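Peer 1: here are the coordinates; sequence isn't available:
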């Protein structure tokens, strides 16, 4: 592995998805901080600055991921944020970042599908961390 | 008390001030409205001024003369129609030809009132137009709310269905790539969690079928005399495997032959949900107390547990569809978030009510009251 043990914050209220992401991301060679809710996520970012964050969209609130992304970007503008969601075009709920104002408000760098394969996920993370 | 803005468009000052005087202290109220309506009169002496006011202010009712110095009343009406203002228009005119009447009606005028009119004429016209306006706005509001609820239901539903699929798929991928070891035992926890998620999904689908039946009204209610203690016992028996796993003891306090007339499937759904929740959200070695009794012409069922309990703010949301209280204590417990919303709907069919008392880490107590039919 080519990285120097960077820290990735993973926030998801689905314990199974959280476990799986943790296994994967650790296998990529990163350190992992986990949180199981928007609230816990907010506490974790107060304690330390991660190098990247992967956030679930729907937790306590329908838009928890957006709120948390906003707070992370406010505290650490240089930390890349990935929003992971099960909502897609199939379900009729689509989130795009095609418009400039959406980009400004929704402060996420990229979106991934929760069913994304692990090699794709690794590529996304590396791209954002410029590895 | 709500105020409606009435715009009077007439070049005769006598008419404008007359309308103002008549409607100043006039109120309209119907039993089905939450509140009475009062009227605030705004005056315009020409059609041009009327359009200016309509563009600037929120107007509810327009009393419109046709013969005006500049543009005609009918042109004002056409403008209102074109701009789709949410207003009701009543033409006040002494020159109402059939041609004009047809044209005005086509452009959405609600009514005609010939000049001169008596205060009583004006009052009863305003009464009708207010009722019409109220019902029209209410219908529109209900339609939009209904659509929103439907959309929300579907988007939450698809999320709830996709989450377990993603979880199971994720575990299978990890196994496929043998990410945590060569031995099947290395994956035991993942296999168990997958099974758990499958069970959760199955119960969601079962609950959804119940909801669909309830909502479509398709379900035929077959009422017969039921022995509630029997139904409670069957329900306890159904939940037993889970209760044994958690070593939760269930106590039933009910006189034999407590008869209630209802659809047995529906009463079973109520019991199964309440009893399984009392076990699911209990601590290991906890207890569940079920009491069924007859008092004051009603059946009272209480299901009390010694479980994790809930915060006050969670209680308010508890009976809504897809609401699951998410916190550290509930994260490993699967559920559809539909059970209690179904229970509440069913109980309401029987004109009953369900209430809950709860204290975090002490437990919850659900009380169901079902009136005995005469």
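Peer 2: Received the coordinates, thanks. In this text the structure is predicted, and so the values were computed from the model without any measurement.
Peer 1: what element comes up after the helix or strand bottoming out on mean pLDDT in chain A heading to the C-terminus?
Peer 2: Considering only helices and strands, the least confidently modelled element of chain A by mean pLDDT, DSSP states H and E is helix A:100-105, at a mean of 52. Per DSSP states H and E, the first helix or strand lying C-terminal to helix A:100-105 is strand A:110-113.
Peer 1: return the list of strands paired to that next one, each annotated with direction.
Peer 2: Applying DSSP bridges, strand A:110-113 is found paired with strand A:81-85 (parallel).
Peer 1: centre-most residue in chain A?
Peer 2: Computing the C-alpha centroid of chain A and ranking residues by Cα atoms, centre = their mean puts residue A:54 first, at 1.5 Å.
Peer 1: secondary structure class for that one?
Peer 2: The three-state label given to residue A:54 by DSSP: H, G, I helix; E, B strand; the rest coil is strand.
Peer 1: what is the residue lying closest to residue A:53 once chain neighbours are set aside paired to in the beta sheet?
Peer 2: For residue A:53, ignoring the flanking residues on the chain, the nearest one in space by Cβ to Cβ, 6 or more residues apart in numbering or on different chains is residue A:9 at 4.3 Å. Bear in mind the C-beta positions are built from the backbone N, C-alpha and C, glycine included. On DSSP bridges, the residues paired with residue A:9 through beta bridges are residue A:33, residue A:53.
Peer 1: what sits against residue A:9?
Peer 2: Shown here is residue A:9, whose contacts under the criterion Cβ atoms under 8 Å, 6 or more residues apart in numbering or on different chains are A:32-35, A:41, A:44-45, A:50, A:52-54.
Peer 1: and which of those residues is nearest to chain B?
Peer 2: Using Cβ to the nearest Cβ, the shortest approach to chain B within those belongs to residue A:35, at 11.0 Å.
Peer 1: what residues does the stretch 101-250 of chain B put near chain A?
Peer 2: Proximity of the stretch 101-250 of chain B to chain A is assessed by Cβ under 8 Å from any Cβ of the partner chain, with B:154-155, B:158-159, B:162-163, B:165-167, B:169-171, B:173-174, B:177, B:179-180, B:193, B:197 identified as the residues in range.
Peer 1: in this structure residue B:335 contacts residue B:322, no?
Peer 2: No. At 10.1 Å, residue B:335 does not count as touching residue B:322 under the criterion of Cβ atoms under 8 Å.
Peer 1: look at these two and report which has more neighbours.
Peer 2: Relative neighbour count places residue B:335 above the other of residue B:335 and residue B:322, with 20 against 16, counting by other Cβ atoms under 10 Å in any protein chain shown.
Peer 1: secondary structure class for that one?
Peer 2: Secondary structure state of residue B:335, per three-state DSSP, is coil.
Peer 1: low pLDDT regions in chain B?
Peer 2: Scanning chain B with the threshold set as pLDDT under 70 gives B:1, B:32, B:94-97, B:146-152, B:155-156, B:215-220, B:326, B:374.
Peer 1: which helix runs longest in it?
Peer 2: Looking across chain B with DSSP state H, the single longest helix is helix B:119-176.
Peer 1: and it, what does it pack onto?
Peer 2: Contacts defined by 3 or more Cβ pairs under 8 Å, 6 or more residues apart in numbering or on different chains; DSSP states H and E place helix B:119-176 against helix A:15-27, strand B:2-9, helix B:13-23, strand B:37-44, strand B:61-65, strand B:88-92, strand B:109-113, helix B:188-216.
Peer 1: tell me which of these is the most buried.
Peer 2: Using mean count of other Cβ atoms under 10 Å in any protein chain shown, the stretch among the helices and strands packed on helix B:119-176 with the largest mean neighbour count is strand B:61-65, at a mean of 26.
Peer 1: where does the prediction get shaky in chain A?
Peer 2: Low-confidence segments of chain A, defined by pLDDT under 70, span residues A:1-4, A:86-107.
Peer 1: swap the cut-off to 50 and go again
Peer 2: Regions of chain A meeting the criterion pLDDT under 50 cover residues A:1-3, A:89-100.
Peer 1: ok, residue B:316 to chain A distance?
Peer 2: Distance from residue B:316 to chain A, counting by Cβ to the nearest Cβ, to the nearest Å: 15 Å.
Peer 1: neighbours around that residue, how many?
Peer 2: Neighbours of residue B:316 under the rule other Cβ under 10 Å: 9.
Peer 1: name the element residue A:60 belongs to?
Peer 2: Counting by DSSP H and E, there is no helix or strand that carries residue A:60.
Peer 1: contact partners for it?
Peer 2: If you count contacts by Cβ under 8 Å, 6+ apart, residue A:60 has them with A:13, A:37-39, B:326.
Peer 1: closest to residue B:23 out of those residues?
Peer 2: When those are compared for distance to residue B:23, the smallest value, 52.8 Å, is given by residue A:38; criterion: Cβ to Cβ.
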